[in-house]
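J.: Predicted model, plus sequence, below.
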Amino acid sequence: MGNDSIFRRPISPTERMYFPMRQLAPPFLMQAMIHGEGTIDREALRQAVAVASDACPGARLRRMGGEWVDSGIAPAVRVVDRHTVQYPDLETDHVLTSPIGPYPGATAEVVLLTAEPVTLLFRAFHGVMDGMGMVLWMTNVLKVLRGETPDAMPDPVADYQLVARIGTPPGKATLPLPKYRSAVGRGRQEPDRPRHLLRHRTIDATGSGGVARVAAILAEQTEGPSRIMMPVDLRRHDPQLRSTANLALPLFLDLEPGQDWTVAKAQLKAGLAQRRELNQMDNSGLVRIPDLVGRAILRTTNWLGSQYGRNLASAIVSHVGVFDLDALSPPGFRPTTIRVVPQHSVAMPLLFGLVESGGKTELSVSCRNGVGIEARLEALLDHIVARLEQELPVREKL
């Protein structure tokens with residue numbers, strides 16, 4: 001392959017801010033888990049990952065200066081025998097909290113856990129993929145395992161390039177100010193305790209408005225106004241685009257305690273209709289400062305949030321998709337659920353990821369830890385489950 005035909009794209013200014021996160025909030029990965037019944041042949045999985053990643057070169061990227069460049073090397077497939085995901089305290093799971101291997105600079109991998117339930121774990125550095133990019137890569141691997149041809153994702157585009165091509169709507173970027181409180185409050189971080197918690201809940205219901213409903217519950221449980229950030233997939237503006245890249249920008253929902261979830265839904269619909277996420281490309285100026293200064297600012301942001309409860313946003317709430325489990329099943333293995341594990345952050349106190357499959361909504365959260373936080377987080381999650389099971393219209397048929 002000639003050097004001029006190698007897949008490459010620029011590292012965007014936003015992605016530059018993600019590099020120090022690997023040290024400040026390790027492992028700073030998006031992860032998708034497929035629990036299931038049956039077996040997966042490890043050699044067939046390695047071959048499927050190689051074939052799918054050839055169709056999705058964004059899964060094989062390595063940093064070269066200011067660019068992401070296709071290494072041509074398929075993501076590693078690790079097999080961890082006699083291990084299952086360690087619920088409920090996911091932050092103690094040595095697989096979920098490990099860095100991507102097998103060498104520094106790797107940006108994606110797949111892990112097979114062989115204990116029941118057998119689990120496929122897809123892991124990606126946020127600098128190379130967003131949530132939808134990870135899903136596109138994951139579903140391609142499953143397609144190859146089923147003997148199907150993967151969907152090619154050949155477009156080497158960065159987020160700012162796509163925004164420049166689409167064009168931005170009128171209006172200014174949202175100014176980030178550390179003034180928003182969290183539904184779990186604040187708590188001093190202790191050196192002998194995990195700096196972040198990872199927890200999960202299964203909600204025995206599905207239905208529309210999940211993001212808006214969770215946002216309203218968070219606002220209800222928060223002192224003062226809340227700002228909820230929702231990542232928006234930029235691929236919606238170009239249906240012909242085929243890319244696994246990091247192509248998500250935020251919409252912000254500003255809510256007061258006690259406002260109905262329909263208020264959040266109305267803000268969300270208006271923001272999407274006005275394409276407001278497109279003018280959030282640089283909403284802080286942080287992307288233009290030197291890396292060492294940016295690292296110091298991120299540490300200060302974490303300190304302000306943990307010590308004083310002052311955050312750039314109250315939470316991030318993301319919906320990753322609705323999945324037909326039967327359609328994803330390869331021979332010999334039947335998925336029973338799909339869950340996402342959000343990356344940690346020093347800039348946000350709570351990051352929620354929602355997935356719908358099998359008549360259930362799977363909700364996972366990364367939470368900045370601190371004195372008193374764990375008990376408040378558990379109570380908050382129980383409250384969210386109870387409310388959504390009461391409000392959402394569709395339940396699994398037993």
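T.: Happy to help now that I have it.

J.: Can you show me the strands along the stretch 101-250 of the chain?
T.: 108-113, 118-125, 196-203, 226-233, 248-255 (DSSP state E, counting those that start in this stretch).

J.: May I see these arranged in CSV, with mean neighbour count and distance to Tyr160 as well?
T.: For every residue, glycine as well, the C-beta is placed using N, CA and C. Output for those, formatted as CSV (neighbours: other C-beta atoms under 10 Å; distance: least, C-beta to C-beta, whole Å):
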stretch, mean neighbour count, distance to Tyr160
strand 108-113, 23, 22
strand 118-125, 24, 18
strand 196-203, 20, 29
strand 226-233, 24, 15
strand 248-255, 21, 10
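
J.: So for Arg82, which of those sits nearest?
T.: strand 108-113 (8.9 Å; C-beta to C-beta).

J.: partner strands of that closest one, parallel or antiparallel?
T.: Within its sheet, strand 108-113 is paired with strand 76-80 (parallel), strand 118-125 (antiparallel), according to DSSP bridges.

J.: Throw those strands into a markdown table and include mean pLDDT and distance to Ile40, thanks.
T.: As requested, these are arranged in a markdown table below (pLDDT from 0 to 100; distance: least, C-beta to C-beta, whole Å):
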| stretch | mean pLDDT | distance to Ile40 |
| --- | --- | --- |
| strand 76-80 | 97 | 9 |
| strand 118-125 | 98 | 6 |
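
J.: Output those strands in TSV, with distance to Ser345 appended to each entry.
T.: Formatted as TSV, the strands paired with strand 108-113 follow (distance: least, C-beta to C-beta, whole Å):
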stretch	distance to Ser345
strand 76-80	25
strand 118-125	14
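
J.: Out of those strands, which gets nearest to Thr262?
T.: strand 118-125 (34.2 Å).

J.: what's that closest one in contact with?
T.: 18, 22, 28-40, 45, 59, 84-85, 95-96, 100, 107-113, 133-134, 137-138, 141, 333 (C-beta atoms under 8 Å, 6 or more residues apart in numbering).

J.: Lowest average confidence across helices and strands of this structure, where is it?
T.: helix 291-308 (a mean of 79; mean pLDDT, DSSP states H and E).

J.: Next, Ala52: secondary structure please.
T.: Counting by DSSP: H, G, I helix; E, B strand; the rest coil, the backbone at Ala52 sits in helix.

J.: on that earlier part again, in the least confident helix or strand of the chain, what counts as buried?
T.: 294-295, 297-298, 301-302, 304-306 (16 or more other C-beta atoms under 10 Å).

J.: what do you get for stretch 335-349?
T.: 335, 337-349.

J.: Which secondary structure elements does the least confident helix or strand of the chain sit against?
T.: helix 21-24, strand 360-368 (3 or more C-beta pairs under 8 Å, 6 or more residues apart in numbering; DSSP states H and E).

J.: most tightly surrounded among these?
T.: The highest mean neighbour count among the helices and strands packed on helix 291-308, using mean count of other C-beta atoms under 10 Å, belongs to strand 360-368: a mean of 24.

J.: Only alpha carbons, please: show it as CSV.
T.: Provided in CSV are the C-alpha atoms of strand 360-368 (Å, rounded to 0.1, in the frame of the first residue of the first chain):
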residue,chain,number,x,y,z
LYS,A,360,-35.0,-3.7,29.3
THR,A,361,-33.1,-0.5,29.7
GLU,A,362,-29.5,-0.9,30.9
LEU,A,363,-28.1,2.1,32.7
SER,A,364,-24.5,2.4,33.7
VAL,A,365,-22.7,5.3,35.3
SER,A,366,-19.3,6.6,36.0
CYS,A,367,-19.2,8.8,39.1
ARG,A,368,-16.5,11.0,40.6
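
J.: Looking at it now, give me its mean pLDDT.
T.: Mean pLDDT, strand 360-368: 97.

J.: helices and strands around whichever helix or strand comes after that strand, which ones?
T.: With elements assigned by DSSP states H and E, the helix or strand that comes after strand 360-368 is helix 373-391. Where contact means 3+ C-beta pairs under 8 Å, 6+ apart, helix 373-391 is packed against strand 196-203, helix 210-220, strand 360-368.

J.: For helix 373-391, what is the distance to the chain centroid?
T.: Offset of helix 373-391 from its chain centre (C-alpha atoms, centre = their mean, to the nearest Å): 20 Å.

J.: could you give the angle of it to strand 360-368?
T.: Counting by axes from the mean of the first three to the mean of the last three C-alpha atoms, to 10 degrees, helix 373-391 points 160 degrees away from the direction of strand 360-368.

J.: Dump the strands of the stretch 101-250 of the chain into TSV; add distance to Gly209 as well.
T.: Below are the strands of the stretch 101-250 of the chain laid out as TSV (distance: least, C-beta to C-beta, whole Å):
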stretch	distance to Gly209
strand 108-113	32
strand 118-125	27
strand 196-203	13
strand 226-233	12
strand 248-255	12
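
J.: Do I have it right that Arg9 meets Glu67?
T.: Yes - the criterion here is C-beta atoms under 8 Å, and Arg9 meets it with Glu67 at 6.8 Å.
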